[in-house]
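Novice: Just the structure for this:
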Amino acid sequence: MAARMSENGGTMTAAEVLQTLFSQADSHKAEMDSARGEMGAFIKDAEERFGINRKAFKAALALKRMEAQDRSAYLQTFRHYCDVLGFNDQADLFAEAPKADQPPADAGAAQAAANAEAITKGIKPTRVSGKTLN
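Specialist: Residues are numbered from 1 along each chain as shown. From the prediction side, this is the model:
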């Protein structure tokens, strides 16, 4: 047990012990702040490189860390809240992608469709001035 000193009939933790505890707490807080910064940078990088949705990723990560029973209860309650708020009455946000014969919604989608078609047909080497480029 930590060294304690008596004062007025009660017990108080010695000043030296408190100073050590405060110092250790500050050290742990600095480590936590550093870890939070690294985690934030990791998620930002994943968002930029892979297009993840930051909030959805964090929510999924929190669910992954839960015990199965807690996660099940949370998801059941969350679905109920969504029903109460009428979210399920709205148009399906995860509707099937447009068919190949439908025009793309934007230029980026047009390029993606062209790339997918080229990959499906097989990419052939390009010739420039009699030389094959790869």
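Novice: Give me the pLDDT for residue 19.
Specialist: pLDDT, residue 19: 93.
Novice: same question but for residue 63, I mixed them up
Specialist: Residue 63 is assigned 96 on the pLDDT scale.
Novice: Tell me where the protein has helices.
Specialist: For the chain, the helices defined by DSSP state H occupy 15-50, 54-65, 68-84, 107-121.
Novice: would you turn those into TSV with mean neighbour count?
Specialist: All C-beta atoms are positioned from the backbone trio N, CA, C, and that covers glycine. Putting those into TSV (neighbours: other Cβ atoms under 10 Å) gives the following:
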stretch	mean neighbour count
helix 15-50	11
helix 54-65	11
helix 68-84	11
helix 107-121	11
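Novice: Can you list the low-confidence ranges for this structure?
Specialist: 1-10, 90-107, 118-119, 122-134 (pLDDT under 70).
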